[in-house]
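Chemist: I need the structure of the sequence given here:
(one chain, ligands or ions: 2)
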Amino acid sequence: MKVLVVGSGGREHALIWKISQSRKVDKIYCAPGNGGIKELAELVNIKADDAAGLLSFAKEKKVDLTIVGPEAPLVKGIVDIFQGEGLKIFGPTKELAMLEGSKVFAKETMQRFGVPTADFQVFDNPLDAKKYLKEKGTPIVVKADGLAAGKGVIVAKTIEEAESAIEDIMVKKIFGSAGDKLILEDCLEGEEASILVFSDGKNIAPLVSSQDHKRIFDNDEGPNTGGMGAYSPAPVVSGEIFNDIIDKVFRPIITGLAKEGKYYKGVLYGGLMMTKKGLMTLEFNVRFGDPETQAILPRLKSGLVDVAIACIEGSLDKINLEWDERACLCIVAASKGYPGSYEKHKEINGLGNVKDGMVFHAGTVSENGKIFTSGGRVLGITGMGKDIESAKLKAYETAGKIKFNGIYYRKDIGDKAIRRN
Ligand code: AMP
Ligand code: GLY
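Modeler: Ligands and ions are numbered 1, 2, ... in the order given. Have a look, this model is predicted:
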């Protein structure tokens, strides 16, 4: 069969690496892809959010299955468009992609189905928001309603900080119409974890737990990034907590929506926080996490294509996901300066020295047999081991073999888990 993967990051490289192991798959396309993906798939020069372009490509090439990596095409309705033409595509429809596309929709859905989440208020004008802020005080969390490339959440410690966030979102409109509404939410404290489940609209199949490292510097300092590393499993999610998350967060959402005639198909990512008062849901994403996927998929023994088709066809109850017991850890190597400005087009050396590690490409291009940097997050250098500590050793050993001008990565990926263990 022919598979098309939409996207160009480390997540998409990991998806394609996994799909390429399937004997059922004889051709993989990736739009637009990157320098590493080019080794496994034919790159197609169509942007990830060009649904019409992707549709005509998929029809022309008779693609059997399309898997969407990033959220933007899902929120724009790529699934509805493909389904309308009878093409198989993995992901939720536009209506349910709003679980990520609108924080107001997500919070109201959680509230409707009794899913634990922080108390909140929705505002459609800055005056009311500021009035509530004065009553409520800080710390408080300000969230733009719509998609803001991961920058729409501000954890404000002072009134001034919260007021300027409200001003940026609602008056200066730094995220455009994503700031037509905003949420003010109680600030929670605790350790975070990412839990993802496959869903066919009725049944769910959980993936193994993972944890991301959002800040740029060691010890979780500095600005937020797209994610600087991840590991799986996340020991903060013990077996009991894991079951709780499935029973209190995912089942109510999936079955609650199904009772309303809305069938969530695809992968649903929950950002969870373990607080002193118990489990809380921070957010949903309607796609695989990046870089969580790079730490999860190497542990999946079952075929990804079979699972994706089961989600689409509603037969997930017939699938039994098998997992490698070993731990997996991914270090993101970035360009110096990221998440601010950085230089591009630095040659990457040493990739050929990597024997048993895995290196997932994100911001890379391939030119005349050489690989160059082309983005902020460049590589996801991944290792497996009997526990997080040995996976960490392996990943850092591999990282030591790879060089490019300005390479930067955190040195403490996994340490929180190692301390806990
Ligand atoms: P979200 O996109 O909603 O997950 O928010 C991004 C990040 O903001 C989360 O991973 C948390 O670190 C932080 N965050 C979101 N909501 C809260 C909250 N209610 N309390 C504290 N931190 C939060
Ligand atoms: N790792 C965070 C995300 O994928 O949104």
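
Chemist: what's the first helix or strand after the lowest-mean-pLDDT helix or strand in the chain?
Modeler: Every helix and strand of the chain was ranked by mean pLDDT, DSSP states H and E. The lowest is strand 221-224, at a mean of 92. The element immediately downstream of strand 221-224 (helix or strand, assigned by DSSP states H and E) is strand 229-232.

Chemist: so which bits of that following strand are buried?
Modeler: Under the neighbour-count criterion of 16 or more other C-beta atoms under 10 Å, strand 229-232 has 229-232 buried. Every C-beta, even on glycine, is put in place using the N, C-alpha and C of the backbone.

Chemist: repeat that for stretch 317-332.
Modeler: Across stretch 317-332, burial judged by 16+ other C-beta under 10 Å covers 319, 326-332.

Chemist: can you check stretch 85-101 too?
Modeler: Buried, per 16+ other C-beta under 10 Å, within stretch 85-101: 87-94, 96-101.

Chemist: now do the helix or strand containing A333: distance to the chain's middle.
Modeler: Counting by DSSP H and E, the element that carries A333 is strand 327-335. For strand 327-335, the separation from the chain centroid amounts to 14 Å (computed by C-alpha atoms, centre = their mean, to the nearest Å).

Chemist: now the helix or strand following it: average pLDDT?
Modeler: Per DSSP H and E, the first helix or strand lying C-terminal to strand 327-335 is strand 358-361. When pLDDT is averaged over strand 358-361, the result is 97.

Chemist: and for stretch 146-166?
Modeler: Across stretch 146-166, pLDDT averages out at 94.

Chemist: that stretch and ligand 1 in contact?
Modeler: Yes. Residues of stretch 146-166 are located near ligand 1 by C-beta under 6 Å from any ligand atom, namely 153, 155.

Chemist: mind listing the helices for the chain?
Modeler: 10-19, 51-60, 71-76, 78-84, 94-101, 103-112, 126-136, 159-166, 239-245, 251-259, 292-296, 304-313, 388-399, 415-420 (DSSP state H).

Chemist: could you count how many residues lie near P223?
Modeler: For P223, the neighbour count with other C-beta atoms under 10 Å is 12.

Chemist: right, and it touches P339 too?
Modeler: Yes. Contact criterion C-beta atoms under 8 Å: P223 and P339 qualify, at 5.6 Å.

Chemist: so what's the residue count around the closest residue to L96 other than its chain neighbours?
Modeler: Excluding the flanking residues, the one nearest L96 by C-beta to C-beta, 6 or more residues apart in numbering is Y264, at 5.0 Å. Neighbour count for Y264, taken as other C-beta under 10 Å: 28.

Chemist: where does Y264 land on pLDDT?
Modeler: 98.

Chemist: now, which of the buried residues of stretch 317-332 sits nearest ligand 1?
Modeler: Of all these, ligand 1 sits closest to V332, with 16.1 Å by C-beta to the nearest ligand atom.

Chemist: check contacts around the residue nearest to the closest one when sequence neighbours are not counted.
Modeler: Distance criterion C-beta to C-beta, 6+ apart; nearest residue to V332, sequence neighbours excluded, is M228 at 4.8 Å. By C-beta atoms under 8 Å, 6 or more residues apart in numbering, M228 lies in contact with 213-216, 291, 331-332, 334, 377, 409-410, 413.

Chemist: of these, keep whichever come out buried.
Modeler: 213, 215-216, 291, 331-332, 334, 377, 409-410, 413.

Chemist: redo these as JSON lines? Include distance to E160.
Modeler: Shown next, in JSON lines, are those (distance: C-beta to C-beta, whole Å):
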{"residue": "H213", "distance to E160": "28"}
{"residue": "R215", "distance to E160": "22"}
{"residue": "I216", "distance to E160": "24"}
{"residue": "P291", "distance to E160": "33"}
{"residue": "I331", "distance to E160": "36"}
{"residue": "V332", "distance to E160": "32"}
{"residue": "A334", "distance to E160": "31"}
{"residue": "R377", "distance to E160": "31"}
{"residue": "Y409", "distance to E160": "34"}
{"residue": "R410", "distance to E160": "30"}
{"residue": "I413", "distance to E160": "34"}
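
Chemist: could I get the residues you listed as TSV with pLDDT and distance to ligand 1?
Modeler: Formatted as TSV, the buried ones among the contacts of M228 follow (pLDDT from 0 to 100; distance: C-beta to the nearest ligand atom, whole Å):
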residue	pLDDT	distance to ligand 1
H213	96	11
R215	94	9
I216	97	14
P291	98	14
I331	98	19
V332	98	16
A334	98	19
R377	97	17
Y409	98	20
R410	98	16
I413	98	17
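
Chemist: thanks a lot, see you next time.
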